[in-house]
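**Q** need a structure here:
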Amino acid sequence: IRAMGSAPDANVVITDECHHDGALNRKTICDSYGPNIIVVGFTASPERGDGVSLGEGGAGYQRILTPITIAELQALWHASNGREGLVPIHTYSTPTLKPRTKADGWCEDPLLMYQRLCSGSQMVAFWDTVEQSEREAARFNAAGISSVSVKGGVDRTVELARFDAREFKVIHNVGCLTEGWDSYVETVGVFCGVSFFGAWLQRIGRGARPAKGKTHCTVLDPFGHIFKGWSVDIPRAWTLDGTPSRPVEYCPPLQQCKRCGCVAAPGKACVRCGEPMAEYIGPKARKELARRGSRDSATPRENVRRLG
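**A** Predicted coordinates:
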């Protein structure tokens with residue numbers, strides 16, 4: 001529409017990934033239709049990392065309608081025998097007791113994490129910089145895992161087609177595959193920092209689509225984003241005023257398998273090992289518990305409550 005120089009006549013405008021409508025270039029297009037136009041936006045993540053409102057003073061939306069939640073889409077996947085909805089998400093972080101040693105923030109080497117948990121799966125990997133994406137693609141290739149790195153602003157049709165054909169096991173990028181791209185993805189490697197839940201959800205969505213033979217999506221999270229309360233199957237309250245989304249109700253602390261690092265809600269066994277899981281204790285609480293040692297007779301759970 002910008003290239004045309006004018007907007008075609010319409011009474012209703014429908015936009016996809018409408019969280020971008022807060023950006024000036026998208027907002028200008030919608031505003032060109034005047035105040036009487038009806039605008040309907042679709043997105044899985046109605047929030048922005050820059051805090052720009054999607055309501056008054058921003059994109060101009062007046063209300064949010066939530067026709068279905070992620071938990072309901074996962075239930076639909078089960079009910080339809082895998083034909084519709086979204087697949088279950090299995091998230092793995094580094095096992096609780098392993099210290100954080102990587103200078104770049106990883107608790108575990110992503111290559112080793114892939115080999116340990118999901119070797120041979122089709123993975124999209126997200127990195128912080130183009131240089132890192134290209135370097136890690138080369139490292140994966142050197143380990144015998146066919147990989148390619150793609151970036152925004154250049155044609156990547158050939159690389160995406162070869163990934164679709166499963167000539168590449170892993171496709172690496174910074175952010176150009178976060179939205180608007182669908183392929184057979186079994187594993188999502190979030191090997192970068194993510195600043196807000198909407199961006200996390202969009203990345204996980206690359207692997208949540210159903211496909212023949214697909215039983216779940218594996219998420220590799222060596223940064224531990226999941227412990228921010230970012231379980232994608234927990235209903236969230238979204239707003240139009242630019243404030244971050246939040247769970248609609250209290251969520252008990254997540255549990256983690258000490259053997260493989262699988263993370264799940266309380267009361268569930270590890271989907272990989274089948275063993276009972278322990279309550280996750282964050283790094284600050286672990287450090288304080290180690291400092292106290294045997295001087296404190298309270299249980300770890302009680303100590304964590306005291307530490308907040």
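**Q** mind listing the helices in the stretch 1-150 of the chain by residue range?
**A** Under the criterion DSSP state H, counting those that start in this stretch, the stretch 1-150 of the chain contains helices at 24-31, 70-79, 110-117, 130-142.
**Q** Redo the ones you listed as JSON lines? Include mean neighbour count, mean pLDDT and distance to residue 224.
**A** C-beta: built from backbone N, CA, C; applies to glycine. As requested, these are exported to JSON lines (neighbours: other C-beta atoms under 10 Å; pLDDT from 0 to 100; distance: least, C-beta to C-beta, whole Å):
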{"stretch": "helix 24-31", "mean neighbour count": "14", "mean pLDDT": "78", "distance to residue 224": "33"}
{"stretch": "helix 70-79", "mean neighbour count": "16", "mean pLDDT": "93", "distance to residue 224": "21"}
{"stretch": "helix 110-117", "mean neighbour count": "18", "mean pLDDT": "94", "distance to residue 224": "12"}
{"stretch": "helix 130-142", "mean neighbour count": "17", "mean pLDDT": "97", "distance to residue 224": "19"}
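**Q** so which of these comes closest to residue 233?
**A** helix 70-79 (4.8 Å; C-beta to C-beta).
**Q** contacting residues around the closest one?
**A** 68, 84, 85, 86, 87, 88, 210, 232, 233, 234, 235 (C-beta atoms under 8 Å, 6 or more residues apart in numbering).
**Q** Tell me the buried residues within those.
**A** Burial by neighbour count, 16 or more other C-beta atoms under 10 Å: within the contacts of helix 70-79 this picks out 85, 86, 87, 210, 232, 234.
**Q** what about residue 129, how many neighbours?
**A** 10 (other C-beta atoms under 10 Å).
**Q** list the contacts for the nearest residue to residue 212 once chain neighbours are set aside?
**A** Closest residue to residue 212 apart from its sequence neighbours, by C-beta to C-beta, 6 or more residues apart in numbering: residue 82 at 7.6 Å. With contact set as C-beta under 8 Å, 6+ apart, residue 82 has these partners: 210, 212, 214, 215.
**Q** Let me see the contact set for the last one.
**A** Residue 215 makes contact with 82, 87, 88, according to C-beta under 8 Å, 6+ apart.
**Q** cutoff 10 Å now
**A** Counting by C-beta atoms under 10 Å, 6 or more residues apart in numbering, residue 215 touches 77, 82, 87, 88, 90, 186.
**Q** Likewise for the second one?
**A** With C-beta under 10 Å, 6+ apart as the criterion, the residues that contact residue 212 are 82, 83, 184.
**Q** From the contact counts, what lies against the helix or strand where residue 163 lies?
**A** According to DSSP states H and E, residue 163 maps onto helix 157-164. Secondary-structure packing of helix 157-164 (3 or more C-beta pairs under 10 Å, 6 or more residues apart in numbering; DSSP states H and E): strand 147-149, strand 170-173.
**Q** Show me the shaky parts of the stretch 51-200 of the chain.
**A** 95-107 (pLDDT under 70).
**Q** give me that answer again for 50
**A** 96-103 (pLDDT under 50).
**Q** Hmm, residue 209 and residue 83 touching each other?
**A** No. Using C-beta atoms under 10 Å, residue 83 is not in contact with residue 209; the gap is 11.6 Å.
**Q** Looking at those two now, which is surrounded by more residues?
**A** More crowded of residue 83 and residue 209, by other C-beta under 10 Å: residue 209, with 15 against 11.
**Q** Nearest spatial neighbour of the more buried one, chain-adjacent residues omitted?
**A** Using C-beta to C-beta, 6+ apart, the closest residue to residue 209 is residue 182 (5.9 Å).
**Q** Next: residue 19.
**A** residue 43 (4.8 Å).
**Q** Check what pLDDT the one you found gets.
**A** Per-residue pLDDT puts residue 43 at 92.
**Q** And the one 5 residues further on, by the same measure?
**A** Residue 48 is assigned a predicted lDDT (pLDDT) of 91.
**Q** pLDDT on stretch 237-257, on average?
**A** Rounded mean pLDDT across stretch 237-257 is 86.
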